[in-house]
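> Everything below, folded, please.
(4 chains)
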Protein chains: 2
Amino acid sequence: MSIRYAILGFLSWKPFTGYELKKLFADALSFHWSGNSNQVYGALIELHKAGAVGVEVLQQEKLPARKVYTITEAGRAELRAWLLSEPELPSIRSMARVQLAWADCLSDAELGGLLSSYEGQLEAQAIMCREAARRGPLRPARSPREELIWNCVEEANLAFYEGELRWVRELGSRLATLGGAGGEGSGGS
Amino acid sequence: MSIRYAILGFLSWKPFTGYELKKLFADALSFHWSGNSNQVYGALIELHKAGAVGVEVLQQEKLPARKVYTITEAGRAELRAWLLSEPELPSIRSMARVQLAWADCLSDAELGGLLSSYEGQLEAQAIMCREAARRGPLRPARSPREELIWNCVEEANLAFYEGELRWVRELGSRLATLGGAGGEGSGGS
DNA sequence: CAAAGCATGTAAGCAGTTACATGATTGT
DNA sequence: ACAATCATGTAACTGCTTACATGCTTTG
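Residues are numbered from 1 along each chain as shown, chains lettered A, B, ... in the order given. Okay, the predicted model is just below:
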């Protein structure tokens, strides 16, 4: 469960309940986790069993109990050890690119439709990123360094979508010059 | 099993055995599949049950039988339908960014180490992409259009790693100016 | 003689997803 | 009245990964 370190990260900032963490994940677009209960609550239970976090159960009158999780020294050590370990390369899987790779059985118009559909998705996503950045800071800023890093991570996330957007537009115009000049693709249905 | 469309794509090019497809996936870096037997052979069996591919079993004297898979009309139709469906946004999960986001408990030197380790990984990956592109064409080029698209997809893949590389270097120098000027992060272990 | 390639497949497991179950409270 | 928020958790599933099992052949 690789989300465990992300959870430890949040808890190294301050204590949270599962519910809060869930929302944090759902809102932190640059982290790309859906924030589903199964994973968050499950990971918290495991982290607790492993002694990486402690729980304080606050009974409430009418609502279910709040379980506030706090990172332990062992948890801090585990997080630190992970931070010092070799980073993995990001894993990207772009079905859109796979679609494009095999799109030669589409007509020029259909291929154009695929491109602009992808473009639309990317635009929407870029807007969401900007919006999230503007609404901003549900994030730690314990030092100027940390603030800088979070800004950069957010920027990198946005930059990815913007880069992809530039790419798909470039591809569109390159295809246009191809079609306009010489042969007619491999034709339609 | 989302790899099924990628398999149908390859088979829309020409017939292949499971073993060949496996290698194709392992070599096609821009597709980002490990090319493990489990998935490929399993998907082929399912595609066959669904009538999307046909098999011809060629007995060999001393080696195991070669099962050559061919796409059917139904398979072509399924592929086409997928190509015309809404593309999904690419899913990226970058553990390195998560590490950076929580790296404030590291010293400046440790953080620098993390950055350059990531940088090294990215450089290596970029080299592999360039190398694969140079060795090149284990790919269809049924039309100038298809060739253009495959080139662009390959370029986009490389561009991602190069962009990430630029980003991590930029982050490094921004952190340097921070540290050089004012306060000393939040200090080490 | 060991390693890599050919060629098929299975087993076990990890990380993630959606959707569901419960139930009170607050907002529109 | 209906929906959203608070708060916990479970069930079922998908897609992917590594490692293993078998066994013969070619290359170093």
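> any idea how far residue A:12 is from DNA strand D?
Counting by CB to the nearest atom of the strand, to the nearest Å, the gap from residue A:12 to DNA strand D is 19 Å. Every residue, glycine included, has its C-beta placed from N, CA and C.
> That residue contacts residue B:102, correct?
Yes: if you go by CB atoms under 8 Å, residue A:12 and residue B:102 touch, sitting 6.3 Å apart.
> Looking at the two, which is more packed in?
residue B:102 (23 against 19; other CB atoms under 10 Å in any protein chain shown).
> How is chain A partitioned into domains?
Listed by automatic domain parsing, the domain ranges of chain A are A:3-83, A:95-181.
> residues shared between the contacts of residue A:12 and residue B:102?
Residues touching both residue A:12 and residue B:102 by CB atoms under 8 Å, 6 or more residues apart in numbering or on different chains: residue A:79.
> any idea what sits nearest residue A:48, other than its immediate chain neighbours?
Among residues not flanking residue A:48 along the chain, residue A:55 sits closest, at 5.9 Å (CB to CB, 6 or more residues apart in numbering or on different chains).
> Apart from its chain neighbours, what residue comes closest to residue A:80?
residue B:105 (6.0 Å).
> Residue A:174 too?
Leaving aside its sequence neighbours, residue A:174 sits nearest to residue B:148 (CB to CB, 6+ apart; 6.1 Å).
> Need the pLDDT of the one you found.
The confidence metric pLDDT takes the value 97 at residue B:148.
> ok, residue A:128 - contacts?
The neighbours of residue A:128, taking CB under 8 Å, 6+ apart as the test, are residue A:29.
> do residue A:160 as well
B:92, B:160, B:163 are the contacts of residue A:160 under CB under 8 Å, 6+ apart.
> Reformat these as a markdown table; add pLDDT, secondary structure and distance to residue B:142.
Formatted as a markdown table, those follow (pLDDT from 0 to 100; DSSP: H, G, I helix; E, B strand; the rest coil; distance: CB to CB, whole Å):
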| residue | pLDDT | secondary structure | distance to residue B:142 |
| --- | --- | --- | --- |
| B:92 | 93 | strand | 30 |
| B:160 | 97 | helix | 26 |
| B:163 | 97 | helix | 30 |
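> Name the nearest of those residues relative to residue A:32.
Of all these, residue B:92 has the smallest distance to residue A:32: 6.2 Å, by CB to CB.
> Give the buried residues for the strand or helix carrying residue A:46.
Counting by DSSP states H and E, the element that carries residue A:46 is helix A:37-49. Of the residues in helix A:37-49, A:39, A:40, A:43, A:44, A:47, A:48 count as buried by neighbour count, 16 or more other CB atoms under 10 Å in any protein chain shown.
> Looking at these, spot the one nearest DNA strand C.
Closest approach between these and DNA strand C, by CB to the nearest atom of the strand: residue A:39, at 4.2 Å.
> so the closest one touches residue A:6, yeah?
No: the criterion here is CB under 8 Å, and residue A:39 misses it with residue A:6 at 10.2 Å.
> any residues in contact with both of the two?
Here residue A:39 and residue A:6 share the contacting residues residue A:33, scored by CB under 8 Å, 6+ apart.
> wait, doesn't residue A:90 sit right on residue B:93?
Yes: between residue A:90 and residue B:93 there is a contact under CB under 8 Å: 6.7 Å.
> So if I had to pick from those two, which one is more boxed in?
Taking neighbours as other CB under 10 Å, residue A:90 and residue B:93 compare with residue A:90 leading, 21 against 15.
> neighbours of the closest residue in space to that one that isn't next to it in sequence, just the number please.
Distance criterion CB to CB, 6+ apart; nearest residue to residue A:90, sequence neighbours excluded, is residue B:94 at 3.6 Å. Residue B:94 has 24 neighbouring residues, counting by other CB under 10 Å.
> How about residue A:138?
So residue A:138, with other CB under 10 Å, has 11 neighbours.
> How about the one 10 residues further on?
Around residue A:148 sit 16 other residues, with neighbours defined as other CB under 10 Å.
> does it count as helix, strand or coil?
The three-state label given to residue A:148 by DSSP: H, G, I helix; E, B strand; the rest coil is helix.
> separation between the residue nearest to the spatial centre of chain A and DNA strand C?
Centroid check for chain A by CA atoms, centre = their mean gives residue A:32 as the closest residue, at 1.8 Å. Look at residue A:32 and DNA strand C: by CB to the nearest atom of the strand, they are 7 Å apart.
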